[in-house]
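Undergrad: Here's my sequence, what's the structure:
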Amino acid sequence: MAQALRSIEEDTPQTALVAQVSANPGLVLLDQERFNQFYEAIKQETDKLVPDLTTEKGRKEIASMAFKVAKTKTAIDAAGKLLNEEARAQINKVDAARRDIREKLDALKDEVRKPLTDWEAREEERVAACDALIALMKRDAVVTLEDTSASVAARLAEIKAFALDEGQFQSLLATAQQQQADAIENLSAAHARLLKEEADRAELDRLRAEAAERAERERAEAEAKAAAEAGECRSRS
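TA: All right, here's what the predicted structure looks like:
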């Protein structure tokens, strides 16, 4: 490019700028104002050319000037390509550094946070276990039509046996204690009611059995009496 620009810079007022760009084409890539000045310097030189198509010399001068401008373009474009390659290499280097830094700092962050992470996992398990026990007491406090005094008594004994540790339940302790008390109250009342209902049914069944037995005995006695009377009548006959 130095040769391409050397002829252009002769006898021009922008000789210094053209010389700078000739030595370092990349100067005009990142400075629009400098490129505008450089372009004007070249344009002034090309404007001096008076095209003469009637002679071979004139035609060669046109081709030579156009070739010099093309070489200038090629040199600047090549400088731009080199800048792009250098920029991409720098970007790749930065990206690689970013990945390495992220991985190392993420690992360090996880290492520093591990005690808290483990504690949070244990807390999550603790709360889940407490919630599950509270839900169990709430569910088992419900008495259905299929329940008997024995099934209710079994659930009542199980709920009474639950030891609600303050260290385990912490902020859920009051909720768990209230649910346990409600379940015990409900199951105790249901147990007493079912015991009475079962006792009443047993008494009713006993009375019905006695009545049936008495009726059967009276029927048998009546039949025996009737048979005896019938025998006496036949004897008299």
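Undergrad: which secondary structure elements does the helix or strand hosting Arg206 contact?
TA: Element membership for Arg206 (DSSP states H and E) is helix 173-236. Where contact means 3 or more Cβ pairs under 8 Å, 6 or more residues apart in numbering; DSSP states H and E, helix 173-236 is packed against helix 56-140, helix 149-161. Every residue, glycine included, has its C-beta placed from N, CA and C.
Undergrad: out of these, deepest packed?
TA: Scoring the helices and strands packed on helix 173-236 by mean neighbour count under mean count of other Cβ atoms under 10 Å gives helix 149-161 as the most buried, with a mean of 16.
Undergrad: Quick one: name whatever helix or strand follows it.
TA: Using DSSP H and E, the next helix or strand after helix 149-161 towards the C-terminus is helix 166-169.
Undergrad: Same list (the helices and strands packed on helix 173-236) but as JSON lines, adding mean pLDDT and distance to Gln179.
TA: Formatted as JSON lines, the helices and strands packed on helix 173-236 follow (pLDDT from 0 to 100; distance: least, Cβ to Cβ, whole Å):
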{"stretch": "helix 56-140", "mean pLDDT": "93", "distance to Gln179": "5"}
{"stretch": "helix 149-161", "mean pLDDT": "96", "distance to Gln179": "9"}
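Undergrad: In a markdown table: these, plus distance to Ala226.
TA: Listed next are the helices and strands packed on helix 173-236 as a markdown table, based on distance: least, Cβ to Cβ, whole Å:
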| stretch | distance to Ala226 |
| --- | --- |
| helix 56-140 | 61 |
| helix 149-161 | 47 |
